[in-house]
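A.B. asks: What follows is a predicted protein model with its sequence.
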Number of protein chains: 2
Amino acid sequence: MSRQGGRSADPRKVSQELFTLTYGSLVSQLVKDYESDEEVNKQLDKMGYNIGIRLVEDFLARSGERRCNDFRETADIIAKSGFKMFLGITPTVANWSAAGDEFSLIFDNNPLTDFVELPEEHSQLNYSNILCGVIRGALETVQMDVNVRFVQDLLKGDNQTELKVKFIKRLEDAVPAGEE
Amino acid sequence: MSRQGGRSADPRKVSQELFTLTYGSLVSQLVKDYESDEEVNKQLDKMGYNIGIRLVEDFLARSGERRCNDFRETADIIAKSGFKMFLGITPTVANWSAAGDEFSLIFDNNPLTDFVELPEEHSQLNYSNILCGVIRGALETVQMDVNVRFVQDLLKGDNQTELKVKFIKRLEDAVPAGEE
């Protein structure tokens, strides 16, 4: 019955169903609490941000990924390493802007929205908006200021779920992670 | 037994960190929303109940477990199969009552409380109370009315986390699961 450090063996995982239903409870609560979908979206983004700055440390430690200076490399690491490790899915990186400062993550499935239908009166709700915040928080921690937003969503009847990540600026003044 | 398309390979898992932090966001929101810890506990139990009645179907399908008529068997399945499948941990079944109608689940670690410290002003908060609701909801779905509550919690300075499950009655009138 011994377990290292009081935790189950690597990889430490929980079931997607439990996660999805727990996330659903969170979104339901916020919908009860706030008047507008826009405000719920904002709260989800904020919660995601706080999660992102916590997750990134764990991610860097476990993935062995190094800081990347190139935004294309960042995109690949988010999709193939980050989403894989945390949600067990690998979105496709696509739709690069000509300037190379914006890309899309395309999801053909999204574990957060299993079992979910969006009621008509919540057509402005970005149900999975927590993901935007997670990416924003995680990248800010490695000195990248980005804008992240959903532009398509299967839940809203779109053909796919698409999240856009736009590079704003490098945060030069922050203390580099792990070098405090 | 592959599920419908568009999902990642079995086992469908997400990272414990992501789950733990998302659950933390939920508890924080409830603490903001409700005046007393007792009310937060109640809300968590209610959310858990709704999750439990959803999870049990998935559990029966994936675990291959059959309905059990014996409360001791139920205890073992919850601990060794249910918690293992959903949270990746196996609590110990202990402290059976003489009448055989009550047992404890003892947790030497609890993924929900990683990174968590309970502020003094929330000494009545049962942070992981959602688990009580999940067990209650899941068992009600298989016709067992139970009472579930935390009696010890590492977060509150106890030596272990202990959850008591007490059998109340068999729900004879309900339609058996899968036999509607």
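C.D. replies: Done, it's in. Numbers count the residues shown, from 1 in each chain, chains lettered A, B, ... in the order given.
A.B. asks: From residue B:78, how far off is the closest residue to chain B within chain A?
C.D. replies: With CB to the nearest CB, the shortest gap between chain A and chain B falls at residue A:13, namely 3.7 Å. Where C-beta positions appear, they are placed from N, C-alpha and C, glycine not excepted. From residue A:13 across to residue B:78, the span is 19 Å (CB to CB, to the nearest Å).
A.B. asks: can you list the residues of chain A near chain B?
C.D. replies: Neighbours of chain B within chain A, by CB under 8 Å from any CB of the partner chain: A:3, A:6-8, A:11-19, A:21-23, A:25-26, A:29-30, A:33, A:47, A:50-51, A:54-55, A:58, A:85-89, A:108-109, A:111, A:115, A:130.
A.B. asks: among those residues, which are in helices?
C.D. replies: Members of these lying in helices (criterion: DSSP state H): A:16-19, A:21-23, A:25-26, A:29-30, A:33, A:47, A:50-51, A:54-55, A:58, A:85-87, A:130.
A.B. asks: List buried residues within those.
C.D. replies: Neighbour-count burial (16 or more other CB atoms under 10 Å in any protein chain shown) applied to those gives A:16-19, A:21-23, A:25-26, A:29-30, A:47, A:50-51, A:54-55, A:58, A:85-87, A:130.
A.B. asks: follow-up on the earlier one: partner residues bridging the residue of chain A closest to chain B?
C.D. replies: residue B:15 (DSSP bridges).
A.B. asks: And it, what's its pLDDT?
C.D. replies: Residue A:13 is assigned a predicted lDDT (pLDDT) of 91.
A.B. asks: dump the residue contacts of the residue positioned nearest the centre of chain A.
C.D. replies: The centroid of chain A falls nearest to residue A:131 when counting by CA atoms, centre = their mean (2.8 Å). For residue A:131, the contacting residues are A:48, A:112, A:148, A:163, by CB atoms under 8 Å, 6 or more residues apart in numbering or on different chains.
A.B. asks: Roughly how far does it sit from residue A:98?
C.D. replies: Distance from residue A:131 to residue A:98, by CB to CB: 25 Å.
A.B. asks: again, but for residue A:31
C.D. replies: Counting by CB to CB - residue A:31 and residue A:98 are separated by 38 Å.
A.B. asks: Would you mind telling me which of those two has more residues around it?
C.D. replies: Counted by other CB atoms under 10 Å in any protein chain shown, residue A:31 and residue A:98 do not tie: residue A:31 has more neighbours, with 19 against 6.
A.B. asks: and the helix or strand that contains residue A:138, how far out from the chain's middle?
C.D. replies: According to DSSP states H and E, residue A:138 maps onto helix A:130-141. Relative to its chain's centre, helix A:130-141 lies at 6 Å (CA atoms, centre = their mean, to the nearest Å).
A.B. asks: And the average pLDDT for the next helix or strand after that helix is what?
C.D. replies: Downstream of helix A:130-141, the next assigned helix or strand under DSSP H and E is strand A:144-152. Strand A:144-152 carries an average pLDDT of 97.
A.B. asks: got the CA positions of strand A:144-152 in CSV?
C.D. replies: Extracted C-alpha coordinates of strand A:144-152, given in CSV (Å, rounded to 0.1, in the frame of the first residue of the first chain):
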residue,chain,number,x,y,z
MET,A,144,4.5,36.2,-23.0
ASP,A,145,1.5,38.6,-22.9
VAL,A,146,-1.2,37.1,-25.2
ASN,A,147,-4.8,37.5,-26.0
VAL,A,148,-6.9,34.3,-26.1
ARG,A,149,-10.5,34.0,-27.2
PHE,A,150,-13.0,31.5,-28.6
VAL,A,151,-14.1,32.3,-32.2
GLN,A,152,-16.0,29.1,-32.9
